[in-house]
Each structure stands twice: as structure tokens, then as C-alpha cells.
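Colleague: okay, predicted coordinates and the sequence, questions at the end:
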Amino acid sequence: MSYDPLDHDFERGMRNRRSVLGDQWVDRSVANATNFNADFQNLITRFAWNEIWGRPGLDHKTRRIIVLAITIALGRWEEFELHVRAGLTSKEGTGLTPDEMKEVLIQSAIYAGVPAANTAFTHAQKILREISADIGYQVEPQRPADSSHPGIGKEGRTASSPSLHYSVREPRNGRAPRHTVVLSHAIGADLMMWDGLANQLAADCRVIAYDHRGHGSSEKADGLYSMADLADDAARMLRELDTGPVVWVGLSMGGMVGQELALRHPGLVRALVLANTTSAYPDAAREAWQQRIATVREQGIEAIADAVMGRYFHDAFRAGHAATVARFRERLTSTDALGYIGCCNAVGTVDTTARLGQIKAPTLVIAGELDQGTPIAMAETLVNGIEGAQLEVINGASHISAVEQPQAFAELVMRFLAQI
């Protein structure tokens, strides 16, 4: 019969304890153990750090967030500070960014009370100031009035007319933006179609989303619009915001605007993502756009709404995501009819094919496998016309691919951003 001198529960617990809190803290705690508290140290190592932290059902980062929330609610500030400091300085993949830490504290204000969250911010900010140089995060003065919801961004309007409504999400990591990214929506939609992607990109990029003229909260202009009008709208917005060259991500009409912007205002475009879009339509499709204008003029947008949803989303998506489709339908039918008609003309008369060779910005073209409105052949025309352009096809996606396959779309965009 053999005897193993190692206490496996203790050793596993100590391994977890070091992974979460760091060697320096654990070494100091062990060195300070005495005949009075050694039993207690042994107890928490075996039971807290092995029995609980050793369970694989939750990762250590998630468990740390739970501990932070509970210690805030109970006012256990010594333990709270321990996990704040360890979380912000962790090199083991169990750590939290300052932005993630802030979100834990803000959520605690709702579920544990504002006084507890206020104290938590005081403790956490003290630690942030102490370790700011080590983690590359500066605590700087900021007026509360200048804060904005990170899932919405700071909203504004252009001073020039027609006034465009936009939102700006600053990088949540508190550093200079890796890129400034502009998200340009499809006809009949608005900037909210980009919320998911915008929030992912805003981890380290400045992200601008906006409503085209006649859409959302932007002003309309009288008459029929051209794609040049929409591109010039975008250019004056970017100049008002002093963005410098941007990465333009446009879907459908937004992709057409991006092409024209790169041609008319090349100094404003750093790179292009052109999704579910085209450089021109064949004659039959051009006529269909004019027919759509006539129908909306005579009967209103409601008359075309179901047909548009059938183009935007494939059958399986409409069946499985009825609430999402209903939301897009409501947005479409609540769009100003004159603004919609104006943009229909711009889309239906788009024509950049012969000029695509003039676009010098790095370009990613995204197509949807099931897209009937702008099929893969149209994407191939873009790729063949723009030197160095890349083509990616999203399986199981129709026209609004960023909504039907959001993660696949986001991965393509983020991989492209990493290349430029």
C-alpha cells in the first residue's frame, strides 16, 4: 500500500488560487500564516479554491465577476479590493479590462444599490490610479455630461443640411482608436441595424453610425437623390467630425455610398467593406426600382413592405426570427415616404462599374449565398474592378447578412481590420 504525501485538494486549490490572485499575493499570504490562522488558510485553499474555483462549469473570469458582485453587495471591501487588483493585473486570462470592471460596478448599482456601487467605484479607482502605468490605462478627468451609453454612443446632428443624425462610440479600452469605422445602413433601415457590430468594434475602434437623409432621425430633402448626393452627405459629416480617413463598412445602399465616397472623396477613405451591394443594376432591375417609386407614391410604403422583407431575409430566417423581421418591417414602414423614394432613385441609378479601377483603398467585398437582390455575380464584378479586392461569401445569408449571420459578418470585418 502506497501513501502519497501530497494533499491533492490543497495542491489543486493552491494552483487555482495562484492563477486567480497571482503568485505575489499568495506567497505573501502563505508567508504571513501562523499557528493561529494556518488552519483557516488550509480550509479556504481546499474548499473555496478547490471545491468552488476548481469546478469547470464556469471559467475563472466569470467566477471573479460573481465574487466582485457579491462583495459589493455585502460590503466586503478588503476581498473586493483583492479581486479588483488581481483582475486588472492578471496575466492568466482570468483578468478584466478597466471597461469590463466598470460594467460590473455599474450593474451592481441596480442590483446592490447606488451607495454600494459608489463605494465600489471609490475603491476600484484608487487601485486603478496605483496600477495605471502597469496596465496602460489613465484615469483622467471627464465631465459626467460628456458621458454616453457605450451601447448607443454619443448622438449628434450635422450642422449642414440636410441634417444627418449620427452616433459616435469611442473605444472602450480608453486608448487611442485603432481605426475610425463608419457603418452605413441599407435602404429602409437606420443606424440601429448596426448596434451589434458597432459594440464589438468599439472595443478598440472609434465607431460612427448614421442615418441616411430621409431615414431615421435625419432630415429629408425634396426631390430624387443621386448616389453622389448621398456620398457628399457622408463627406460633409466626416469633415464636421474631423475623422480623417475612415474604414467604411456599408451594406446594400451603404456599400454603394462607400464606392461613390471613395471615388469622389478618396482622402476620406482608408479602406472599404462593401457588403451585399452592387456597382450597377441591369435594365430590368433599374425598371423595378422605378416601379417601386411609383408604387410608394401611389400607395405608400406599406404596399411594398412584405416584398421587401422577402428580399431582405430568406424564408428560414423569417420563420425562425419573426420578431427581428417585424422590427425591420416597422422601421421600413415608418420611414418618411419622400426620403425613401429619393433614396430608391439613388439606389436604382447607381453606376460605378466603369470607375471601380479608380478606387485604391483596400477593399473587402461580402456577399450572401442566398442574396437575390445583389447576388454573388454582382460582388464578383466589384472584386474584378477594384484592384486587390477580396471576396468572402457568407453561407446561409440573404441580403441583410449582417443581421442574419451577425457573428460570421463581424469575424470577416475584424479579420480585415487586422490586415490594414
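Modeller: It's in. Residues are numbered from 1 along each chain as shown.
Colleague: so after the longest helix along the chain, what's the next helix or strand?
Modeller: In the chain, assigned by DSSP state H, the helix with the most residues is helix 114-135. Next helix or strand after helix 114-135 toward the C-terminus (DSSP states H and E): strand 154-157.
Colleague: strands paired with that next one, and their directions?
Modeller: Note on strand 154-157: by DSSP bridges, its sheet partners are strand 165-169 (antiparallel).
Colleague: with just CA atoms, put the strand it pairs with into PDB.
Modeller: Taking C-alpha atoms only, strand 165-169 is exported to PDB below (Å, rounded to 0.1, in the frame of the first residue of the first chain):
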ATOM      1  CA  HIS A 165     -28.300  62.100 -37.300                       C
ATOM      2  CA  TYR A 166     -25.300  60.100 -36.100                       C
ATOM      3  CA  SER A 167     -23.800  58.300 -33.100                       C
ATOM      4  CA  VAL A 168     -20.100  58.100 -32.100                       C
ATOM      5  CA  ARG A 169     -18.800  55.200 -29.900                       C
END
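Colleague: quick one: that strand to chain centroid distance?
Modeller: Relative to its chain's centre, strand 165-169 lies at 13 Å (CA atoms, centre = their mean, to the nearest Å).
Colleague: and the longest helix of the chain, what's buried?
Modeller: Going by neighbour count (16 or more other CB atoms under 10 Å), the buried part of helix 114-135 is 116-117, 119-121, 123-124, 127-128, 132. Backbone N, C-alpha and C define where each C-beta goes, glycine included.
Colleague: then that helix to CSV, C-alphas only?
Modeller: Coordinates of each C-alpha in helix 114-135 appear next as CSV, following Å, rounded to 0.1, in the frame of the first residue of the first chain:
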residue,chain,number,x,y,z
VAL,A,114,-26.2,53.0,-5.6
PRO,A,115,-24.4,53.5,-2.2
ALA,A,116,-22.6,50.1,-2.6
ALA,A,117,-21.7,50.9,-6.2
ASN,A,118,-20.4,54.4,-5.2
THR,A,119,-18.1,52.9,-2.6
ALA,A,120,-17.0,50.2,-5.1
PHE,A,121,-16.0,52.9,-7.6
THR,A,122,-14.0,54.7,-4.9
HIS,A,123,-12.1,51.6,-4.1
ALA,A,124,-11.6,50.5,-7.7
GLN,A,125,-10.5,53.9,-8.9
LYS,A,126,-7.9,54.1,-6.1
ILE,A,127,-6.4,50.9,-7.3
LEU,A,128,-6.6,52.0,-11.0
ARG,A,129,-4.5,55.1,-10.2
GLU,A,130,-1.9,52.9,-8.4
ILE,A,131,-1.5,50.5,-11.3
SER,A,132,-2.3,52.7,-14.3
ALA,A,133,1.2,52.7,-15.6
ASP,A,134,1.4,48.9,-15.4
ILE,A,135,-1.8,48.3,-17.4
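Colleague: just name whatever secondary elements that helix is in contact with.
Modeller: If you count contacts as 3 or more CB pairs under 8 Å, 6 or more residues apart in numbering; DSSP states H and E, helix 114-135 packs onto helix 60-74, helix 77-89, helix 98-111.
Colleague: okay, the residue nearest to Gly388 when sequence neighbours are not counted and Trp49: tell me how far apart.
Modeller: Among residues not flanking Gly388 along the chain, Pro362 sits closest, at 6.6 Å (CB to CB, 6 or more residues apart in numbering). Pro362 is 49 Å from Trp49, where distance means CB to CB, to the nearest Å.
Colleague: please compare those two by neighbour count and tell me which comes out ahead.
Modeller: Trp49 (23 against 19; other CB atoms under 10 Å).
Colleague: quick check: the more buried one touching Leu21?
Modeller: No: with contact defined as CB atoms under 8 Å, Trp49 does not reach Leu21; the gap is 9.0 Å.
Colleague: ok but Gly250 is inside a strand, no?
Modeller: Yes: Gly250 sits within a strand when classified using DSSP: H, G, I helix; E, B strand; the rest coil.
Colleague: what's opposite it in the beta bridge?
Modeller: Ser184, Leu274.
Colleague: what's the burial count for it?
Modeller: Gly250 has 24 neighbours, counted by other CB under 10 Å.
Colleague: list the residues that contact it.
Modeller: 183-184, 256-258, 272-275, 277 (CB atoms under 8 Å, 6 or more residues apart in numbering).
Colleague: ok, those vs Arg206, which is closest?
Modeller: In terms of CB to CB, no member of the contacts of Gly250 lies closer to Arg206 than Leu183, at 11.5 Å.
Colleague: measure that closest one to Ser161 for me?
Modeller: Taking CB to CB, one finds Leu183 at 22 Å from Ser161.
Colleague: comparing these two, which residue is more hemmed in?
Modeller: Leu183 (27 against 11).
Colleague: state the distance from Glu79 to Thr71.
Modeller: Counting by CB to CB - Glu79 and Thr71 are separated by 5 Å.
Colleague: pLDDT weak spots in the stretch 1-150 of the chain?
Modeller: Scanning the stretch 1-150 of the chain for pLDDT under 70 picks out the ranges 1-3.
Colleague: okay, and Ala221 sits in which element?
Modeller: Using DSSP H and E, no helix or strand contains Ala221.
Colleague: and it, how many residues sit next to it?
Modeller: Neighbours of Ala221 (other CB under 10 Å): 16.
Colleague: likewise for Phe40?
Modeller: 10.
Colleague: confirm it sits in a strand?
Modeller: No: Phe40: not assigned to a strand; according to three-state DSSP it is helix.
Colleague: how far away is it from Thr34?
Modeller: For Phe40, the distance to Thr34 - CB to CB - is 10 Å.
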